[in-house]
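*Asks:* below: sequence and its predicted model.
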Amino acid sequence: MISHIACVFRTRRELSHIGKMWVALVFGLVMALSATAHAEHNYFIGAGRADITGPAAEVNMMGYANPSQKTAGIHFRLYSRAFVVAYARNASRVVFVSADVAMISQLVKIEVVKQLRVLYGSLYSTENVCLSSIHTHSGPAGFLQYLLYDITSLGFVEESFQAIVAGIVESIKRAHDSLRPGSVFLNEGELLDTNINRSPTAYENNPAVERESYQHNVDKEMVVLKLVAGTQPIGMISWFAVHCTSMNNTNTMISGDNKGYASYLFEKEMNSGRLPGEGDFVAAFAQANEGDVSPNTRGPHCLDTGLPCDANSSTCNGKSELCVASGPGVDMVDSTRIIGERQYVKALALYNTAVRQLTGPVDFRHQSVDMTDVRVITPDGATAKTCLPAMGYSFAAGTTDGPGAFDFSQGTTESNPMWNLIRNFIKKPSVEQQRCQQPKPILLDTGEISFPYAWQPSIVELQLLRVGDLVIAAVPGEFSTMSGRRVMSNITATLRQHGFTNATKTVVAGLSNTYSSYITTFEEYQVQRYEGASTIYGPHTLQAYVQHFHQLALALATNASVEPGPAPPDLHSKQLSFLTPVIYDNPPLGKSFGQVIADASPVYYVNSTVTVTYVSGHPRNNFMTGATFLTVERWLPEQSSWVVDYTDASWETRFEWTRTSSILGHSTITVFWTIPPSAPSGGYRIKHFGFRKSLSGKTYPYSGASSKFVVKADISSHGNAQTPTADEYYARVGLTTGDQADSSERRRLILLNRTILKNKLRKRKRL
């Protein structure tokens, strides 16, 4: 609060040099501070955050469906961020969760609610808990229960699933435990230069009169919720439509992409002096109607010529893999930084100037719907129906954010005899299915396959959450820009027609509760770009959603109940997995776990990168949940102690894991720390923590440290009351230094190394 007021006074002193735009900003900030200070606390609010990073090695990443893209380290950690809003302490409440994952699995929702029921009885349920995702493409895969989405991850990955479930439940517990009287404020504004439409030819197929109602072919509006308990800010939720595909399909480091980085920056600002993932303030950058929205603002160009790609097919000389969108940065990490920073800066400005206080009931409506046979009334008054799920040819072409392979291209509306032959070997679509999905040429007839279990969902969850005049529409997939607009406008109009105020605001929370791929408009579907080919329930999918959300909105406005609908299946017991487990770890001859094999240099300067390589165990032995695989520590001479300045959740660090020998169980971890301008001068060291797996299957912690090195910078080294000493941090997160193997295990390792040495000597003698 004091820092914000000081900022206002500084701004006022410099007013003559700033201009009229800043006058409005300062006035809004003063009004926001005044409103916050004098607001009546009409809700009970809570916020919580928990680690959901999961397996950081040898697990396929979810999003690009690239089998070779497997986790091999961490750039920064993934989190679940939960918010509870109640009308009174024991009255109606809603839970909104934004998780740093690719999408929300139906099975994750089922298991989270199951565990919440054990903890809280009927307080939290399927109906009032919304799980949404940011849609990062740089997190571990294998957590969805439908076969198609787990093929590239070699089936279901229990490790990914459990890490996500446990973290989401923990974040909700922390939000529940922090519940206190508070106020909720709403603000909205325009954010430019941060997103583009990646399928503009499909968007252009929408009616001209509809397109003329909007200035842009993607939504530029950001909506921000500000949560304040007394005068203490506790949370922020931002909704803005942009794919988390700044990190491309060559990346192997776990990353929250642009939205994860925006959360990192906002929480760093509000939890001053705390390490990432710590501090009471929680900032979520939630997803919206991002189906056709890319962060790669330079647009698609041909890799071989540098020229723009073909507009509708997104090909270069007939090849989709040569058409790639990039920017605005010099590389994918820089682009992630820029797009994340732009969202953060806008959200912070909207947060600081939010004066519209939400009042009124907290409520919700929820319904499960079988989307495979919904009767719809089309805009011209005709009747139609949805279809069993199916994926079209253009699905295999990928997008300009991550192209596919072979000879597939976007915009394909005719089938190919060769690919049909291969398709029919898996399942030939029925005549009815082909007719229903027209003009989509079916590549995978997922809805008519049930072996070994369902390939895509039939039953999805639809949900509305209300906090005063704000309504959150939780949608089970990736809605295109115009699809989201139609849903939001229909919900808002329905609510206003039945007693809600004209100030009522509706937002779309994308990829929530269930994942059912994409949802385009009827007109966009006809073009069969990637998004249309991935609209699994056919050309009338969107109209079915519009109708059902209309009924939910009507029930919400009139205080009527709705039928719960058919329960989604729990397929956990049927999941297949072919991911190889970690067998054992073993250091090279003469080496030990945690030993440095490539040390730091003696001296570094700001903006240079420190690199240290260690003998390591497999990161899947322990995810270090809530802890870290690395620390960057600074020496404080006046305290004769090390303090922890950075962890593996920090933007400035990353680590890369390499399996140097699968047979012998050898691997290394290389830690990178890019020294920021804010780093003080002084002595530093980098430590690595991990677990190794023995031949018996037991795991043991180990650690190692680099040599001390010096950073020369303009800032002098000093302590910080919020910065923990190394020992305090180790104790808090449960890190153990040294190798904790028992004597019998040490003997087994010695014998194993002797055997390896003997085998090598025998081979040399033969030669």
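*Replies:* All right, it came through fine.

*Asks:* show me where the stretch 251-400 of the chain has helices.
*Replies:* With helices called from DSSP state H, counting those that start in this stretch, the stretch 251-400 of the chain shows them at 257-270, 332-352.

*Asks:* show me what the last one is packed against.
*Replies:* The helices and strands touching helix 332-352, judged by 3 or more Cβ pairs under 8 Å, 6 or more residues apart in numbering; DSSP states H and E, are helix 20-38, strand 180-190, strand 221-229, strand 232-239, helix 257-270, strand 282-286. In short, each C-beta sits where N, CA and C put it, glycine included.

*Asks:* which other residues reach the fourth one?
*Replies:* Applying Cβ atoms under 8 Å, 6 or more residues apart in numbering, the set of residues contacting strand 232-239 from outside is 45-47, 83, 96, 98, 178, 182, 222-228, 262, 266, 270, 280-288, 343, 347, 350-351, 507-509.

*Asks:* drop anything exposed from the residues you listed.
*Replies:* Buried by 16 or more other Cβ atoms under 10 Å: 45-47, 83, 96, 98, 178, 182, 222-228, 262, 266, 270, 280-288, 343, 347, 350-351, 507-509, out of the contacts of strand 232-239.

*Asks:* now do the contacts for the residue nearest the centre of the chain.
*Replies:* Centroid check for the chain by Cα atoms, centre = their mean gives D100 as the closest residue, at 2.9 Å. Contacts for D100 (Cβ under 8 Å, 6+ apart) come out as 52, 78-80, 133-134, 136, 139, 256, 259-260, 263.

*Asks:* please enumerate the strands of the stretch 101-250 of the chain.
*Replies:* 129-133, 139-140, 180-190, 196-197, 221-229, 232-239 (DSSP state E, counting those that start in this stretch).

*Asks:* looking at those strands, spot the one closest to P701.
*Replies:* Closest to P701 of the strands of the stretch 101-250 of the chain, according to Cβ to Cβ: strand 139-140, at 21.9 Å.

*Asks:* hmm, who's touching that closest one?
*Replies:* 53-56, 59-63, 71, 78, 100-102, 157, 159-160, 163, 254-256.

*Asks:* strand partners (parallel or antiparallel) of that strand?
*Replies:* Partners of strand 139-140 in the sheet, by DSSP bridges, are strand 57-62 (antiparallel).

*Asks:* where does stretch 522-533 sit relative to the chain's centre, distance-wise?
*Replies:* Centroid separation for stretch 522-533 versus its chain: 25 Å, with Cα atoms, centre = their mean, to the nearest Å.

*Asks:* need the CA coordinates for that stretch. CSV is fine.
*Replies:* Provided in CSV are the C-alpha atoms of stretch 522-533 (Å, rounded to 0.1, in the frame of the first residue of the first chain):
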residue,chain,number,x,y,z
PHE,A,522,-20.4,-23.4,-38.2
GLU,A,523,-18.9,-21.1,-40.8
GLU,A,524,-15.3,-21.7,-39.6
TYR,A,525,-15.9,-25.4,-39.7
GLN,A,526,-16.6,-25.3,-43.4
VAL,A,527,-13.0,-24.1,-44.1
GLN,A,528,-11.5,-27.1,-42.2
ARG,A,529,-8.4,-25.4,-40.8
TYR,A,530,-6.8,-27.3,-37.9
GLU,A,531,-9.3,-25.9,-35.4
GLY,A,532,-12.3,-27.0,-37.6
ALA,A,533,-10.8,-30.4,-38.2
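
*Asks:* against D292, how distant is the residue nearest to P200 when sequence neighbours are not counted?
*Replies:* Computed as Cβ to Cβ, 6 or more residues apart in numbering, the closest residue to P200 that is not its neighbour in sequence is N217, at 6.0 Å. Plainly put, N217 is 9 Å away from D292 if you go by Cβ to Cβ, to the nearest Å.

*Asks:* try M61
*Replies:* Relative to D292, M61 is positioned 22 Å away (Cβ to Cβ).

*Asks:* many thanks, I have nothing further to ask.
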